[in-house]
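> mind folding the following:
(chains A and B)
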Amino acid sequence: MKKSIVAFLIFSVGFLSVKAQSATQSFDADGIKVIFKPTLKNVVNVRIYFRGGVTNYPARQAGIENITLDAATKCGAGKYSPAAFRDTSDNYGIFTYGTSTFDYGYIQVNCISKYFDKGWDLFSSAVMNPVFEANEVKLLKDKEISNLKDEESNPANYLDKLQMRNAFGNTPYAIDPAGNEETINALTADDLRQYYKTLLNKNKVFIVIVGNITKQEIFEKVLLSFGNMPSQPYTPADLKTPVLNDNKVLTEKRDLKINYVGAIMNSPEFTNVNYVPFKMGITGLSGNIYSYLRTQNNLSYSAGAYTSALIMPYTQMYAATNDLPAVMNGMLKKLKEIQNNGMEDEWLQHIKNIYITWSYINDQSASEITDNLGLAEILGNWQYGEDLPQLVKMVTVDQINKALNQYIVGLRWTILGNPEAIEGFTPPPY
Amino acid sequence: MIKKSYLLVLLLLPVLVIAQNKLPANMFLHTLPNGLDVLVVEDNNVPLATVMMTFKAGAFTESENTNGLTGLYLNMLGKDNKDYTDFNYNAGGLGISSMNEVTNVEYGRFFFTLPKANIEDGLNFMNSAIRFATMDAKALEKEKEIVNDELKQKESGPYFALTETMFHHLWGNLYSRKNPIGNHDVILSATPASMDSIKNKYFYPNNALLIVGGDVDHDVVFRLVEKKYGDWKSSSFNPFKKWPTPEFKPLVKEDYFIVVSELSKSPYITIDWQGPDTRNDVPSTYAADVFSYIVNQKSSKLSTALVQSGLAFSVNINYLTLKHVGPISLTITPNPLKIRECMDEVKRQISLMDNDDYFTDGQIETAKRMLEINQVREEDITSDYVNTLSFWWASASLNYFLNYNDRLKKVSRADLKAYVSKYIKGKPYCAGLLISPDLKDQTKAETFFKTN
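Numbering: from 1, shown residues only, chains lettered A, B, ... in the order given. Predicted structure coming up:
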């Protein structure tokens, strides 16, 4: 394939990035899996992950895990009243919060090493003894609903939500982990309390710690703080990725200065042998789309493609434009080109170079490292994440070409903006 | 001429020595004879180097007729130049990542991160980009459309209209001096000549700071920079004397406005004052930061009165340090059912801000500690920290930043009260409400969102 300009790659590669040469280790602390990476940095990041995500609750309770985990850090915890928790956080510059997405939730603490003991005390209190004070839960619910509305007003964010409904309508991913006004309003403090009991299970959680501390310190802290956590059998839900082999378009009207378009396609799973070659191929596709739509034809300021890191993975192409047919045709043209013609060795080497830089950039931040290790563990195994840089180095052009053709067999388009702009236009069949 | 240059160096020398003495152990400053400041931040945690060139340029230099051209010019630096005809592809060959250009109120910067082994090539790459961009007319035509699209994307979010309207109210006919994104007409009418005009005014070594942060040796970097950038000619003029930024007119009265937008899903309020700046009132800039960190504590009177009471979902006050009048912004996400009550309480809180009991000694100490912790966090990630250094160099000076923590520690209760009295309490402000048409009708916002 002809050498392409790969501008977009330079801005963002978007791989999980964990160093193969790092000293990350995993150990068991009284039945709880702990993943630990020591650093020499001043910031410490700790997360306790809860497996399951949207498979943990029914659609009528959408958002319950997200708000429950956040409430654990905001609505009283153990000896800390809500006010005392907030004041201690402010006094020592400690950030704690909880959140949940499609495949998992977590509670996090982030602080500087000097105040790690204070941070751990807040964190462990939130995890083991959340109070869910009713007044505070009410305030949090109102704030969450306001946030949901705010998110919806951002067209790029809202397009993402529409796309998930479009591509995963008959799967657990049809549930929005953030919930909606109706489901959040219906939740009570007691609902949150009862729900949290279903999460707190040694076999459902694992902990990731990154910072300038020792394994022994961590081991003792985990034993002391979480030794009494219940232990129940846990079987993860068996998720089957839907095959996207059609070429449908879903539209929603919104009066915007520019239209937003996305297309979702299939993608291999994280631990699949095709994952890394496919991901690198999509990185190349992203560069081609950016180059074609932005640099060559000035059709879009932001355009590209990426692969999601989910148990049911997907790939997405996206752009914002005033010329939807031209952009959609352009995306398909670039997709077909890379599927039919593949990529050149030199181009692949450039992608590898950028990946290595990007990987080291992420390796500077305790929070990024924790995020990547946790995500890799959720998707299969944290060690696989550690091996990614080596796997990237070994990828060949043939592997990429094969993977792109094996997994991309159709598209689900979603458009937010002016649907009349594509009246009479049908994307070419795939 | 030569004598004059020597004299200049001699005059500057004590300043440079003072600056160097105060630099942290891993930071090294060197100024080339052409005036280019070179700052190296050594950090060997990861084998990378971030290269960032910052110019004192941006919105503050732009009139209404040139608003947006600095941003467009910086975007064009990422196109082909005399050394690289396939700019982005060559960047990939060097392992360059996170390459971008950013234009803000008082700076324009171009930067990237690459493997430390490629630092010499990276410095050459930067040199070619900032000095030898071809500014090809066809490429410019395309980039104009792209930047115009970028502006449209921003206009597709609900907050843009509020921000833009606030600029007009707060800064009057000088709003362009605070608006880095520019406007459609100026961007679309740009020509290679207008790009040249921007370059010839501000893009000189004696108006620039080159920061190299990462796993590098400062002596090696200084040598490489001297070799590659040494022949970059400095300007013979001071652009800020030749084209001075007009002084902003002080506000004379409270000014309320409502922005009604179908895009708005939740109401949002911003109240802005004209604050201090680093040319005229440095002590108040430090007091401003401490005060913001007091008021933003969850236990503060403001937060308790608004958030814990349920009148608002969030409240935040921020001061932006600038050379040319930094804005103080109080932003509130009100409970949509209680916007009127929320505004009443906000006004009441503003009237209390200089009371002796508005904040405790403990909250003052917490604020100072939070600011110190923030700095520790910023220093932790070198590829981000260079942004911080670049910002302070442009909006104040490196010395300002190096003294930052010491000066914060010296801020007293009296300083804080003086700051509030001088810039906030009883001072004219602009207040904007972003609201959907339906909610505006329901709440009759125009009946209470106005001057008393």
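
> chain B contacts on the stretch 201-350 of chain A?
Within the stretch 201-350 of chain A, the positions lying close to chain B (CB under 8 Å from any CB of the partner chain) are A:254-258, A:260, A:291, A:294-298, A:300-302, A:320-322, A:347, A:349-350. No exception for glycine: its C-beta is placed from N, CA and C like everyone else's.

> out of the residues you listed, list just those in helices.
A:Trp347, A:Gln349, A:His350 (DSSP state H).

> most neighbours of all those residues, which one?
Highest neighbour count within those: A:His350, with 27 neighbours (other CB atoms under 10 Å in any protein chain shown).

> run a quick neighbour tally on the nearest residue to that residue once chain neighbours are set aside.
Leaving out its chain neighbours, the residue that sits closest to A:His350 by CB to CB, 6 or more residues apart in numbering or on different chains is B:Gly92, at 3.2 Å. B:Gly92: 26 surrounding residues under other CB under 10 Å.

> can you check A:Glu133 too?
Residues near A:Glu133, counting by other CB under 10 Å, number 18.

> same question, B:Leu251
Residues near B:Leu251, counting by other CB under 10 Å: 18.

> show me what contacts it?
Neighbouring residues of B:Leu251 by CB atoms under 8 Å, 6 or more residues apart in numbering or on different chains: B:Leu170, B:Trp273, B:Gln274, B:Lys427, B:Pro428, B:Tyr429, B:Cys430.

> ok, which stretches of the stretch 251-400 of chain A are strands?
Using DSSP state E, counting those that start in this stretch, the strands of the stretch 251-400 of chain A run over residues A:259-265, A:303-307, A:315-321.

> so for A:Asp121, which of those strands sits nearest?
Among the strands of the stretch 251-400 of chain A, strand A:303-307 comes nearest to A:Asp121, with 38.4 Å by CB to CB.

> helices and strands around the closest one, which ones?
Packing partners of strand A:303-307 (3 or more CB pairs under 8 Å, 6 or more residues apart in numbering or on different chains; DSSP states H and E): helix A:275-290, strand A:315-321.

> just say which of these is most tucked in.
Of all the helices and strands packed on strand A:303-307, helix A:275-290 carries the top mean neighbour count, a mean of 27, counting by mean count of other CB atoms under 10 Å in any protein chain shown.

> what angle sits between that one and strand A:259-265?
Calculated by axes from the mean of the first three to the mean of the last three CA atoms, to 10 degrees, helix A:275-290 forms an angle of 150 degrees with strand A:259-265.

> ok, now which ones touch B:Thr134?
Residues near B:Thr134 by CB under 8 Å, 6+ apart: B:Lys79, B:Asp80, B:Asn81, B:Lys82.

> per-residue pLDDT, the third one?
At B:Asn81, the pLDDT value in this model is 93.

> that one is in contact with B:Asn88, isn't it?
No: with contact defined as CB atoms under 8 Å, B:Asn81 and B:Asn88 do not form a contacting pair (11.8 Å).

> rewinding a little: need the max-distance pair from the contacts of B:Leu251.
So, these by CB to CB: farthest apart are B:Leu170 and B:Lys427, at 12.5 Å.

> more crowded one of those two?
Between B:Leu170 and B:Lys427, counting by other CB under 10 Å, B:Leu170 is the more crowded of the two (23 against 17).

> now do the same for that one: helix, strand or coil?
Following DSSP: H, G, I helix; E, B strand; the rest coil, we place B:Leu170 in the helix state.

> tell me the contacts of it?
Going by CB under 8 Å, 6+ apart, B:Leu170 touches B:Lys178, B:Leu251, B:Asp272, B:Gln274, B:Pro327, B:Cys430.

> need the pLDDT of it.
pLDDT, B:Leu170: 98.

> cool, the one 3 residues further on as well?
Here the pLDDT value assigned to B:Asn173 is 96.

> of the contacts of B:Leu251, closest to A:Ser125?
A:Ser125 has its nearest neighbour among those in B:Trp273, at 39.4 Å by CB to CB.

> what's near enough to touch residue 61?
Here I'm looking at chain A. Contacts of A:Gln61 (CB under 8 Å, 6+ apart): A:Gly179, A:Thr183, A:Leu187, A:Asp191, A:Tyr195.

> that's the wrong chain, I wanted chain B
By CB under 8 Å, 6+ apart, the residues touching B:Thr61 are B:Thr70, B:Arg177, B:Lys201, B:Tyr202, B:Pro239, B:Trp243, B:Thr245.

> can you tell me how far it is from B:Met52?
B:Thr61 sits 20 Å away from B:Met52, going by CB to CB, to the nearest Å.

> do A:Arg86 as well
A:Arg86 sits 36 Å away from B:Met52, going by CB to CB.

> which of those two has more residues huddled nearby?
When neighbours are counted by other CB under 10 Å, B:Met52 comes out ahead of the other of A:Arg86 and B:Met52, with 22 against 19.
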